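Novice: Fold the stuff below for me.
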Amino acid sequence: MASISKNPCKFKLPDWFINSSAMSCNSLWQRDVSENIRQDTRALRLSSQLRTKWDNYHNTTRLADRLDMIEGYKDILEFARTMLDEEIEQLSSAKEAMEKQIQDMQVPEDCNIECLTIRDRRRGIDFAKDKAEIELRKEQDLLFESRKRLQRKVDEALKQLLQLQEARQMVLKDLQDKNETFEIDAQQYKLTKDCPGVSFKVNPTRIPDGTTTLKQWENFTKCNFQRAESEVKASQRLCNAIFATMKDVENSLDAQGRAADFALRQRTHEDELALDELKWRLKKTEEEIEEMINDLDKLELEMQSEAQMMKLAQTRLERRTYRPGADLCRDQPQYGLTDEVNQLNSSRNSLLYKQAECRHQLHALEATRNRLKEGVAIKENSLRIDTNCLELRKTRMNGSGRYEGLDEVNCAKLMAGHPTGDEAVCEATRLDKVPTYTKLDAIASACALENSPKKVVQ
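Specialist: Numbering: from 1, shown residues only. Now for the predicted structure:
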């Protein structure tokens, strides 16, 4: 059977009012607290939203500025790479031109050696250290020194090319890093919260190893550009020095080639003069030998004639010794015949002495003729050798002294203390504009004749 239990103690009416008042106050307080929290939360939310928005905006702007900065440095590096590429190409071209000049020097070197070798075939007194050999030796030394100078410049160019390549590699590496950095920052600049791949990352605020400061980053690029610029300037100076050296070598070899050619032409002219002189002397000597032989023949005939007269006079004297008695006297015929025999003996002795003298002189003339013939052969050999040298230099080297464009030729003397044909050729060029080797040889010969010692023909 159910039963109803009653509260044994009833609250008092004041407690009821107190409880109601407490609940009302607590509710009011809780609402106030909640409202304050809501207001703070709303303010915090709005503040956080604004701060997040502005932070995102500022960082996006910073990324844009960073992209502009990277783009600027990329332009600088691109300019540096362009400079380096152009300078590498120019220096390579200069190096190739210099190597070609060294290679082209092989022709004059071979020609010079061959000329010296050919001239060593001279014989006798003509195997002398003349002006032509001195100039050829100078040309040989100049070719050797010029090759060494050009080779040193080639080595310097090769070393500078390595420096340029190294600077270019540094610029390319920096430019590659800048391109990758630009792509990364460009992606971050375009990235939004709605893009795929946006997620929480582990310790994103960490500082990776090898991180540099902005100043170090700027200095690194500036150093690369400054090094590239300095290497380009050094390469430009080297290129100027290379071209100056090449031109100086070309001018020196051309001047020395002209001097050697002129010395050979002058020597050829001297050989021709000496050969003509020896041929003339040989002709006169042969004529003298012929006259001497004729005189010896006449002398022999005269001696034979006087021998007959001697026989006649002696026979007369001998037969008159057989006169009988008192008729064997020393009369006028006896004295006359005796004087005739003595005179014939004296004449015979004089003729014999003169015959011996003529024969001795004939032998001397024949020896002189042989020496003259040998001298003519030597001179002809020397003339042929020097002519071959000139033809060789003209054929292989197109003439060491190329006289085209003589309006620009400096007409200073090629050899100190000696007249040169080039001065006269310059004057001739101003007159008829057609300088030729024939004209040059004629003028050179005239110069040599004017300055050669005068020979007296006996």
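
Novice: Specify the local secondary structure of the residue nearest to residue 109 when sequence neighbours are not counted.
Specialist: Sequence neighbours aside, residue 143 is the residue nearest to residue 109 in space, at 5.2 Å (criterion: Cβ to Cβ, 6 or more residues apart in numbering). (Each C-beta comes from the backbone N, C-alpha and C, glycine too.) Using DSSP: H, G, I helix; E, B strand; the rest coil, the structure places residue 143 in helix.

Novice: isn't residue 143 right up against residue 104?
Specialist: No - look at residue 143 against residue 104 with Cβ atoms under 8 Å: they stay out of range, at 11.3 Å.

Novice: So for these two, which sits in the more crowded spot?
Specialist: Shown here are residue 143 and residue 104; by other Cβ atoms under 10 Å, residue 143 has more neighbours (22 against 11).

Novice: picking up where we left off before, what's the residue nearest to residue 109 in contact with, if anything?
Specialist: 105, 108, 109, 112, 253 (Cβ atoms under 8 Å, 6 or more residues apart in numbering).

Novice: do residue 192 as well
Specialist: residue 198.

Novice: Tell me, what's the model's pLDDT at it?
Specialist: Predicted confidence (pLDDT) for residue 192: 86.

Novice: Quick check: it vs residue 59, distance?
Specialist: Residue 192 sits 12 Å away from residue 59, going by Cβ to Cβ, to the nearest Å.

Novice: Check residue 278 too.
Specialist: With distances taken as Cβ to Cβ, residue 278 is found 106 Å from residue 59.

Novice: more crowded one of these two?
Specialist: The residue with more neighbours, out of residue 278 and residue 59, is residue 278; 21 against 13, by other Cβ under 10 Å.

Novice: Would you agree that one is in contact with residue 369?
Specialist: No - taking Cβ under 8 Å as the definition, residue 278 is not a contact partner of residue 369, at 11.0 Å.

Novice: could you point out where the stretch 251-400 of the chain is predicted with low confidence?
Specialist: 398-400 (pLDDT under 70).

Novice: ok, which stretches of it are strands?
Specialist: Counting by DSSP state E, counting those that start in this stretch, the stretch 251-400 of the chain has no strands at all.

Novice: In helices, which of the contacts of residue 143 appear?
Specialist: Judged by DSSP state H, the subset of those located in helices is 108, 109, 112, 253.

Novice: Any chance of JSON lines for those, columns neighbour count and distance to residue 259?
Specialist: Output for the ones in helices among the contacts of residue 143, formatted as JSON lines (neighbours: other Cβ atoms under 10 Å; distance: Cβ to Cβ, whole Å):
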{"residue": "108", "neighbour count": "22", "distance to residue 259": "13"}
{"residue": "109", "neighbour count": "16", "distance to residue 259": "17"}
{"residue": "112", "neighbour count": "25", "distance to residue 259": "13"}
{"residue": "253", "neighbour count": "19", "distance to residue 259": "11"}
